[in-house]
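K.L.:
when you get a sec, could you give me coordinates for this:
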Amino acid sequence: MVLIIFWGVSVGSFLNVCIFRLPLGRSIAWPPSSCLRCGKQLRAWDLVPVLSWLWLRGRCRYCGVKISFRYAAVELLTGLVFLGLWWLIGPTWQFVQAAVMASVLIVITFTDLDHRIIPNKVVLFGLVVGLPLVWLSGSPGLADALAGVLVGALPLFLLAVLTNGMGGGDVKLVGMLGLYLGWSKVLMMIFLASGMAAIIGIVLMLLGKVKRRQPIPFGPFIAVATMLVYLWGDLLLFWYNLFFARL
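P.N.:
Predicted coordinates for the structure are as follows:
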């Protein structure tokens, strides 16, 4: 379990690089990480996930500028997600599939919150890596996965064209996630994400945090709904059918 957490926080450190650099159009491989204020290149001991932030008390070793806790939070979140997936799924190819999907969703959540951007490179990575993982894990079946891409993207594409109320990034993201979920679960995910977004949007309007017709990032809702459906989709469908059967 310790190794899984270490693997997760290490991946989370790389995800931080993607979250910061991709929306700016910068390479995630070069140059090496450096302080945004003093420009000093960070050493390996400055980049130990979570622990370096704690040891340095959230400040740059060289100039003392405050470093956002979010860097450590993303690393810790990724570690906990990997641990949860390992515990729920176990040492299988499906765990690898779920870990890749979760990593993609973490990047997308924060880039959408920060910049209202869902990077095409992240979606393309999820699609290219997802294809062999569908075959290796056997989940979902290949035909179901390919149908999921079409069924996931088409309704949102039509909605975007008709209403101009949804970004193209959301459409491509949901299409890519259909590869991991299959056609029936991707529809469930769209329904769940839309419901959560509507509820949160109404609450934010009532609290005066957003104005009517002001768009809110949809990526985080897609991310949460995807993980819920991926892990517990069959159970959610059972309770859904049970509830409506009594109406």
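K.L.:
where does this protein dip in pLDDT?
P.N.:
Within the chain, the ranges that satisfy pLDDT under 70 run 39, 159-167, 240-247.
K.L.:
spatially central residue for it, please.
P.N.:
The centroid of the chain falls nearest to L105 when counting by Cα atoms, centre = their mean (1.1 Å).
K.L.:
that residue against A225, yeah?
P.N.:
No - counting by Cβ atoms under 8 Å, L105 stays clear of A225, with 10.0 Å between them. (Glycine included, C-beta is placed from N, CA and C.)
K.L.:
how about the residue nearest to the centre of the chain, phi and psi?
P.N.:
Here is the backbone geometry of L105 (degrees, to the nearest 10): phi -70, psi -30.
K.L.:
residues contacting it?
P.N.:
By Cβ atoms under 8 Å, 6 or more residues apart in numbering, L105 lies in contact with 222-223, 226-227.
K.L.:
tell me what the longest helix seen in the chain is packed against?
P.N.:
Using DSSP state H, we find that the single longest helix of the chain is helix 219-245. Helices and strands touching helix 219-245, by 3 or more Cβ pairs under 8 Å, 6 or more residues apart in numbering; DSSP states H and E, are helix 93-115, helix 168-181, helix 183-206.
K.L.:
redo that, cut-off 6 Å
P.N.:
In terms of contacts (3 or more Cβ pairs under 6 Å, 6 or more residues apart in numbering; DSSP states H and E), helix 219-245 is packed against helix 93-115, helix 183-206.
K.L.:
show me what counts as buried in the shortest one.
P.N.:
Yep, that's helix 93-115 we're talking about. 93-112 (16 or more other Cβ atoms under 10 Å).
K.L.:
for S34, what are its contacts?
P.N.:
Applying Cβ atoms under 6 Å, 6 or more residues apart in numbering to S34 gives the contacts 41-42.
K.L.:
ok, what's across the strand from it?
P.N.:
Beta-bridge pairing of S34 under DSSP bridges involves Q41.
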